[in-house]
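Student: just a sequence and a predicted model for now, questions to come.
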Amino acid sequence: MLVKKGAEANLYLEDWHNRKVILKRRLSKEYRITEIDKKIRSQRTVHEPQIIHKAKEAGVPTPTIYMIDISDATIIMEFIEGKQIKQVLGNLSPEERRDLCRHIGNLIGRLHIHGIIHGDLTTSNMILTPIGKVVFVDFGLSEHSAELETKGVDLHLMKRAFQSSHFKYAKACFDAVMEGYGEFVGENAAKDVLEKIREIERRGRYVSAR
């Protein structure tokens, strides 16, 4: 059953050896030369599970990978029971929301300190399980980087996600994320990233004004 149609890949909910799984199949692009298209899809099919495993090693909950089919550009992974953070934030008290966002910030800090950039940090790509665990999903745009710029871009996207989907409490949520982030990476490192986010925002305003 198709559950998400994306620009790069489609997600299907399937039954696999009596397990509920997500099957992620990367789409062929007609505008690319066939050999190049196959190479790109193969590389990304290998890359994503590797980063997911590294994130797990860093202490960030991620889906378990069950199988990779490079020739078909397909990944079979654990289906995470729960709700998207996007769906639950509005139902929480201010204190619960702050605690959850601080925890999310801590997990992002774990990724960044281990050189992992998620690439699509939105509240749709974080699942809250029935036992209260936050699981990060969809590492399709992820990369290895220790650059301040990529960390800033990653968290800038998180900030934009709050502003677009949770505007009533966007500032409180992002402040809590940065608080949790700073608790893990250190106050000075968090300040550097925050300044980079402001720089990215200034760049955006400049481009819009031109």
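Tutor: Now that the structure is in, tell me what you want to look at. Numbers count the residues shown, from 1 in each chain.

Student: give the contact list for the residue lying closest to residue 190 once chain neighbours are set aside.
Tutor: Distance criterion Cβ to Cβ, 6 or more residues apart in numbering; nearest residue to residue 190, sequence neighbours excluded, is residue 182 at 3.4 Å. All C-beta spots, glycine's among them, are computed from the backbone N, C-alpha and C. Counting by Cβ atoms under 8 Å, 6 or more residues apart in numbering, residue 182 touches 105, 109, 189-191.

Student: got it, and residue 72?
Tutor: Residue 72 touches residue 25, counting by Cβ under 8 Å, 6+ apart.

Student: could I get the full set of strands for this protein?
Tutor: 2-5, 9-16, 19-26, 65-69, 74-78, 83-84, 116-117, 126-128, 134-136, 143-144 (DSSP state E).

Student: quick one: contacts of the first one?
Tutor: Read it as strand 2-5. Taking Cβ under 8 Å, 6+ apart as the rule, strand 2-5 contacts 10-13, 22.

Student: can you list those residues in CSV and add pLDDT?
Tutor: Below are the contacts of strand 2-5 laid out as CSV (pLDDT from 0 to 100):
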residue, pLDDT
10, 94
11, 95
12, 97
13, 97
22, 97
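
Student: among those, which ones are buried?
Tutor: Neighbour counting over the contacts of strand 2-5 (16 or more other Cβ atoms under 10 Å) leaves 11, 22 as the buried ones.

Student: how many residues are close by the nearest residue to residue 77 once chain neighbours are set aside?
Tutor: Take residue 77 and drop its neighbours on the chain: the residue closest to it by Cβ to Cβ, 6+ apart is residue 63, 4.4 Å away. Neighbour count of residue 63, defined by other Cβ atoms under 10 Å: 22.

Student: equivalent analysis for residue 152, please.
Tutor: 20.

Student: could you do the one 5 residues further on as well?
Tutor: As a burial measure, residue 157 scores 17 neighbours (other Cβ under 10 Å).

Student: okay, residue 174 and residue 102: tell me how far apart.
Tutor: The gap separating residue 174 from residue 102 is 11 Å, by Cβ to Cβ, to the nearest Å.

Student: what's near enough to touch the residue nearest the centre of the chain?
Tutor: Among the residues of the chain, the one closest to the centroid is residue 121, at 4.0 Å (Cα atoms, centre = their mean). Listed by Cβ under 8 Å, 6+ apart, the contact set of residue 121 reads 108, 154-155, 157-158, 161.

Student: confidence score at it?
Tutor: Confidence at residue 121, expressed as pLDDT, is 97.

Student: for it, phi and psi?
Tutor: phi -80, psi 90 (degrees, to the nearest 10).

Student: kindly report the same for the one 3 residues further on.
Tutor: In terms of degrees, to the nearest 10, the main-chain angles of residue 124 are phi -80, psi -20.

Student: what sits against residue 16?
Tutor: 23, 66, 76.

Student: report how many residues lie close to residue 167.
Tutor: Counted with other Cβ under 10 Å, residue 167 comes out at 9.

Student: how close does it sit to residue 132?
Tutor: Distance from residue 167 to residue 132, by Cβ to Cβ: 26 Å.

Student: also residue 62?
Tutor: 16 Å.
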